[in-house]
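Q: Attaching a predicted model along with its sequence, questions to come.
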Amino acid sequence: MRITVNVNGDDHTREVEPRHLLVRFLRDDLELTGTHWGCDTSNCGTCVVLMDGDPVKSCTVLAVMAAGHEIRTVEDLADGDQLDPVQQGFIEQHGLQCGFCTPGMMLTGRALLDRNPDPSEQEIREAISGQLCRCTGYLNIVKSIQWAARNRAEADGVTETAGSQS
Amino acid sequence: MQVPASFDYQRAESVDEALELLRRYGEEARVVAGGHSLLPMMKLRLAAPEVLVDINDLHELDHIALVGDELRVGALTRHRTLLESELVGRYFPIVHDAEKVIADPPVRNRGTIGGSLCQADPSEDLSAVCGALHACAVIRGAGDERIVSMADFHQGPYETAVGVGEMLTEVRLPVLPGAGSAYEKVERKAGDWAVAAAGVALTLREGRISDAGVGLAAVGAGALNLHAVQTLLNGSEPSEALYEEAGRVASDSCSPVTDGRGSAEYKQHLAGELTRRALRRAVARAGRPIGSTAREA
Ligand SMILES: Cc1cc2nc3c(=O)[nH]c(=O)nc-3n(C[C@H](O)[C@H](O)[C@H](O)COP(=O)(O)OP(=O)(O)OC[C@H]3O[C@@H](n4cnc5c(N)ncnc54)[C@H](O)[C@@H]3O)c2cc1C
Ligand code: FES
Ligand code: FES
């Protein structure tokens, strides 16, 4: 089937089989390997991308089902050299170790902050509850997203100051 | 990587078109809604439909509306929409109780009430909830529309009243004055299926329970609607002794199996205890001004 999916703001047209999974479409066809693929059973959440702004597990969405929708992957978080506050937060608060869960965690953080710029710790924990991290024990991931919420104003405007706060 | 076997894919643009496709392909076709039960099953070769009919563009099936004394919920309504609906929380706190513990946020962004009920897995939380609420299912086929009670809808594990060439279009929840409801679930970790769960819905009339509904999840087939407990409750005055007895009857009425989530004995014990807890909360919520459950812990 010939499908067109909008990924990170651009339309991509490809010929795919209906059984082709969205995670595969992103990684293999579009070479956007920032989307990781882990358990394959819809459980780990490493494959999370945003579909029309909401986190979804891309190993459980068919590429054909994404046609006509807007997909956002981790590659789209930074604006040129300027990191998204969530990305900066993961640096400031040591939100990652091996980095495997990180793209999905950051996208979930972004989607949460877009809806709720000032989430409580409980709301952050709830938002990432479908995504497993084998390394950090979640504490620093939560802190990273909190950092992004706190530093939104600075990060939105002047990048220089964003790195100096924690 | 696990990939489903080959199939054809059709995206329906209207309910009529979906029904026509389902009729044309007959036994070989399956509806795909959220896909969060079907696609994992297809990856594992537990399901191998030849054609998938995608109903995600049928926005008319994604609605929640109060019509007369019923809340009408479209089959394509997602878990997340149910959880965020103020209307649902006001009349059916049991649905919000359940939705908070169904899967995890990304799964709730995709999974639908229709998919949950049609999957008819005895562990499905919304099946137990709709059983307790004495909900009705609207099934559409060629031209006609049937309305069946939940008791008739679920015909066994993974079997429903939806026939070939038909689909579930709506779920109807009766709004009763003075109603209270609650759902209690024990799970191993965030986002997991229940070890056991219990849902209770009832109304209080002059201090006595009526319209009782009790449904259990994850404790074997046939527990989505427990007649024995409902009969015990209807007409009785709420009391600890009654809750105790209701829990005992619920426990006796189910037939869980031992698996990775726990032993049959443990699950049977849980079924009783969770029924008691849900019953206590449902009674406490019943008869309160609508909406006051929101402040409850
Ligand atoms: C990691 C994970 C954890 C989960 N945890 C829970 C949990 O704790 N509790 C729980 O209850 N569920 C849980 N689920 C299941 C989740 O809620 C599913 O989304 C839901 O059961 C199915 O909904 P769906 O829309 O994805 O259905 P689909 O997968 O699209 O469909 C399921 C079945 O229903 C049929 N179908 C769908 N819609 C219709 C319709 N309108 N008419 C006729 N047939 C239809 C399909 O043909 C298919 O046979 C979990 C799922 C995952 C992946
Ligand atoms: S790879 Fe998709 S949830 Fe694990
Ligand atoms: S940083 Fe290693 S899995 Fe999360």
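A: That came through fine. Everything quoted here is computed from the prediction, not taken from an experiment. Numbering: from 1, shown residues only, chains lettered A, B, ... in the order given. Ligands and ions are numbered 1, 2, ... in the order given.
Q: need the residues of the stretch 1-150 of chain B near ligand 1, please.
A: Taking C-beta under 6 Å from any ligand atom as the criterion, the neighbours of ligand 1 within the stretch 1-150 of chain B are B:30-38, B:40, B:75, B:102-103, B:107, B:110-112, B:114-116, B:118-119, B:124-126. Quick note: C-beta positions are derived from backbone N, CA and C, even for glycine.
Q: could you redo the last one with a cut-off of 5 Å?
A: Counting by C-beta under 5 Å from any ligand atom, the residues of the stretch 1-150 of chain B lying close to ligand 1 are B:30-38, B:75, B:102-103, B:107, B:111-112, B:114-116, B:118-119, B:124-125.
Q: cool, and chain A?
A: For chain A, the residues in contact with ligand 1 under the definition C-beta under 5 Å from any ligand atom are A:42, A:43.
Q: which stretches of chain A have low pLDDT?
A: Judged by pLDDT under 70, chain A has its weakly predicted residues at A:153-166.
Q: And the strands in chain A?
A: With strands called from DSSP state E, chain A shows them at A:2-7, A:10-15, A:48-51, A:54-57, A:70-72.
Q: Could you export the ones you listed as JSON lines, including mean neighbour count?
A: Conversion of these to JSON lines gives the following (neighbours: other C-beta atoms under 10 Å in any protein chain shown):
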{"stretch": "strand A:2-7", "mean neighbour count": "18"}
{"stretch": "strand A:10-15", "mean neighbour count": "11"}
{"stretch": "strand A:48-51", "mean neighbour count": "26"}
{"stretch": "strand A:54-57", "mean neighbour count": "26"}
{"stretch": "strand A:70-72", "mean neighbour count": "20"}
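Q: want to throw those into a markdown table with distance to residue B:187?
A: Output for these, formatted as a markdown table (distance: least, C-beta to C-beta, whole Å):
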| stretch | distance to residue B:187 |
| --- | --- |
| strand A:2-7 | 34 |
| strand A:10-15 | 39 |
| strand A:48-51 | 21 |
| strand A:54-57 | 19 |
| strand A:70-72 | 30 |
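Q: how about these, which one is nearest ligand 2?
A: Proximity of these to ligand 2 was assessed by C-beta to the nearest ligand atom; the nearest stretch is strand A:54-57, lying at 4.3 Å.
Q: is it true that residue B:48 touches residue B:28?
A: No: under the criterion of C-beta atoms under 8 Å, residue B:48 is not in contact with residue B:28, lying 9.5 Å apart.
Q: ok, so what distance separates residue A:56 from ligand 3?
A: Distance from residue A:56 to ligand 3, counting by C-beta to the nearest ligand atom, to the nearest Å: 19 Å.
Q: From residue B:134, how far off is that residue?
A: Residue A:56 sits at a distance of 33 Å from residue B:134 (criterion: C-beta to C-beta, to the nearest Å).
Q: Same list, the residues of the stretch 1-150 of chain B next to ligand 1, but only the ones touching ligand 3.
A: If you filter those for contact with ligand 3, counting by C-beta under 5 Å from any ligand atom, you are left with nothing.
Q: Out of those, which are close to chain A?
A: B:32, B:35, B:36, B:103, B:107 (C-beta under 8 Å from any C-beta of the partner chain).
Q: Tell me the residue of chain A that sits nearest chain B?
A: Using C-beta to the nearest C-beta, the single residue of chain A nearest to chain B is residue A:130, 2.7 Å away.
Q: So the chain: which segments form each domain?
A: Picked chain A for this. For chain A, automatic domain parsing gives the domain ranges A:2-76, A:85-155.
Q: wrong chain, I was asking about chain B
A: Chain B breaks down into these domains under automatic domain parsing: B:8-54, B:61-174, B:179-289.
Q: Make CSV from the ones you listed and add mean neighbour count to it.
A: Compiled in CSV, the domains of chain B are given as follows (neighbours: other C-beta under 10 Å):
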stretch, mean neighbour count
domain B:8-54, 19
domain B:61-174, 21
domain B:179-289, 20
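Q: Quick one: the ones you listed as JSON lines, columns for mean pLDDT too.
A: Shown next, in JSON lines, are the domains of chain B (pLDDT from 0 to 100):
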{"stretch": "domain B:8-54", "mean pLDDT": "97"}
{"stretch": "domain B:61-174", "mean pLDDT": "97"}
{"stretch": "domain B:179-289", "mean pLDDT": "95"}
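Q: So which of those domains is nearest residue A:139?
A: Shortest separation from residue A:139 across the domains of chain B is recorded for domain B:179-289, at 15.6 Å, computed as C-beta to C-beta.
Q: and the closest one, does that touch chain A?
A: Yes: in terms of C-beta under 8 Å from any C-beta, part of domain B:179-289 sits within range of chain A, namely B:190, B:191.
Q: what about that domain, distance to the chain center?
A: The gap between the average C-alpha position of domain B:179-289 and the chain average comes to 14 Å, counting by C-alpha atoms, centre = their mean, to the nearest Å.
Q: That one near ligand 2 at all?
A: No: in this structure, domain B:179-289 remains apart from ligand 2 according to C-beta under 5 Å from any ligand atom; the gap is never smaller than 10.8 Å.
Q: how about whichever residue of the stretch 1-150 of chain B sits closest to ligand 2, secondary structure?
A: Residue nearest to ligand 2 within the stretch 1-150 of chain B (C-beta to the nearest ligand atom): residue B:106, separated by 8.1 Å. Three-state secondary structure (criterion: DSSP: H, G, I helix; E, B strand; the rest coil) places residue B:106 in helix.
Q: any idea how far chain A is from it?
A: Distance of residue B:106 to chain A, computed by C-beta to the nearest C-beta, to the nearest Å: 4 Å.
Q: which residues does that residue contact?
A: If you count contacts by C-beta atoms under 8 Å, 6 or more residues apart in numbering or on different chains, residue B:106 has them with A:45, A:48, A:54, A:55, A:56, A:57, A:108, A:130, A:131.
Q: Need the nearest residue in space to the residue in chain A positioned nearest to ligand 1, chain neighbours excluded.
A: Ranked by C-beta to the nearest ligand atom, the top residue of chain A for proximity to ligand 1 is residue A:42, at 3.6 Å. With sequence-adjacent residues excluded and distances taken as C-beta to C-beta, 6 or more residues apart in numbering or on different chains, residue A:42 is closest to residue A:60, at 4.4 Å.
Q: In stretch A:126-134, which residues are buried?
A: A:126, A:127, A:128, A:129, A:130, A:131, A:132, A:133 (16 or more other C-beta atoms under 10 Å in any protein chain shown).
Q: Repeat that for stretch A:98-113.
A: Buried residues in stretch A:98-113, defined by neighbour count with 16+ other C-beta under 10 Å: A:100-113.
Q: Also stretch A:13-24?
A: By neighbour count, with 16+ other C-beta under 10 Å as the criterion, the buried positions of stretch A:13-24 are A:16, A:18, A:19, A:20, A:21, A:22, A:23, A:24.
Q: Need the residues that contact it.
A: By C-beta under 8 Å, 6+ apart, the surrounding residues in contact with stretch A:13-24 are A:1-5, A:25, A:29, A:35, A:37, A:47, A:49, A:58-66, A:71, B:1, B:3-9, B:42, B:52.
Q: Also stretch B:1-20?
A: Residues contacting stretch B:1-20 (C-beta under 8 Å, 6+ apart): A:1, A:17-21, A:24, A:37, A:40-41, A:62, A:64, B:21, B:31, B:39, B:42-45, B:48-58, B:60-61, B:140-142, B:165-167, B:169.
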